[in-house]
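[1] Structure for the following, please:
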Amino acid sequence: MFLTYKEKFEIMEIADIRMEDNDINNGYGSVLMKVLLLIIQRYSLPIKYVTGWISGVDWDHVERSKHFYEKFGILS
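    I've put the predicted structure just below:
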């Protein structure tokens with residue numbers, strides 16, 4: 001998982017979540033997201049938004065990505 005933090009705007013941006021092909025749909029991305037959200041909450045980080053973007057290399061599975069982020073309230 002690659003993240004950037006824009007302190008001035010209180011934004012955590014998910015730049016990428018990379019998985020090897022055989023690791024896709026095994027729950028590893030969900031574990032990473034749960035830990036990320038737990039860290040933000042536990043350490044009271046001044047983050048108002050978690051954002052990101054879908055890379056052009058991911059266009060073949062946009063619906064899967066959308067579903068993944070919706071599970072965590074990142075998309076609505």
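[2] which residues of this protein fall in helices?
    Along the chain, counting by DSSP state H, helices occupy 28-42, 62-71.
[3] Report the mean per-residue pLDDT for the first one.
    The reference is to helix 28-42. Mean per-residue pLDDT for helix 28-42: 92.
[4] Stretch 1-20 now?
    For stretch 1-20, the per-residue pLDDT averages 88.
[5] what about it, distance to the chain center?
    The gap between where stretch 1-20 is centred and where its chain is centred comes out at 7 Å by CA atoms, centre = their mean, to the nearest Å.
[6] can you list contacts of that stretch?
    28-29, 32, 36, 40, 45-52, 55, 74 (CB atoms under 8 Å, 6 or more residues apart in numbering). Every C-beta, even on glycine, is put in place using the N, C-alpha and C of the backbone.
[7] Can I get it in PDB? Just the C-alpha atoms.
    In PDB, the C-alpha atoms belonging to stretch 1-20 read as follows (Å, rounded to 0.1, in the frame of the first residue of the first chain):
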ATOM      1  CA  MET A   1       0.000   0.000   0.000                       C
ATOM      2  CA  PHE A   2       1.400   3.400  -1.000                       C
ATOM      3  CA  LEU A   3       0.100   6.400   0.800                       C
ATOM      4  CA  THR A   4       0.600  10.200   0.800                       C
ATOM      5  CA  TYR A   5      -0.400  12.600   3.500                       C
ATOM      6  CA  LYS A   6      -1.400  16.100   2.700                       C
ATOM      7  CA  GLU A   7      -1.100  17.700   6.100                       C
ATOM      8  CA  LYS A   8      -2.300  21.200   5.100                       C
ATOM      9  CA  PHE A   9      -5.600  19.700   3.700                       C
ATOM     10  CA  GLU A  10      -5.900  16.800   6.300                       C
ATOM     11  CA  ILE A  11      -6.100  14.300   3.400                       C
ATOM     12  CA  MET A  12      -4.700  10.700   3.300                       C
ATOM     13  CA  GLU A  13      -4.400   9.600  -0.300                       C
ATOM     14  CA  ILE A  14      -4.200   6.000  -1.300                       C
ATOM     15  CA  ALA A  15      -1.800   6.100  -4.200                       C
ATOM     16  CA  ASP A  16      -1.800   2.300  -4.900                       C
ATOM     17  CA  ILE A  17      -2.500  -1.100  -3.400                       C
ATOM     18  CA  ARG A  18      -0.400  -3.700  -5.200                       C
ATOM     19  CA  MET A  19      -1.000  -7.400  -5.100                       C
ATOM     20  CA  GLU A  20       0.500 -10.300  -7.000                       C
END
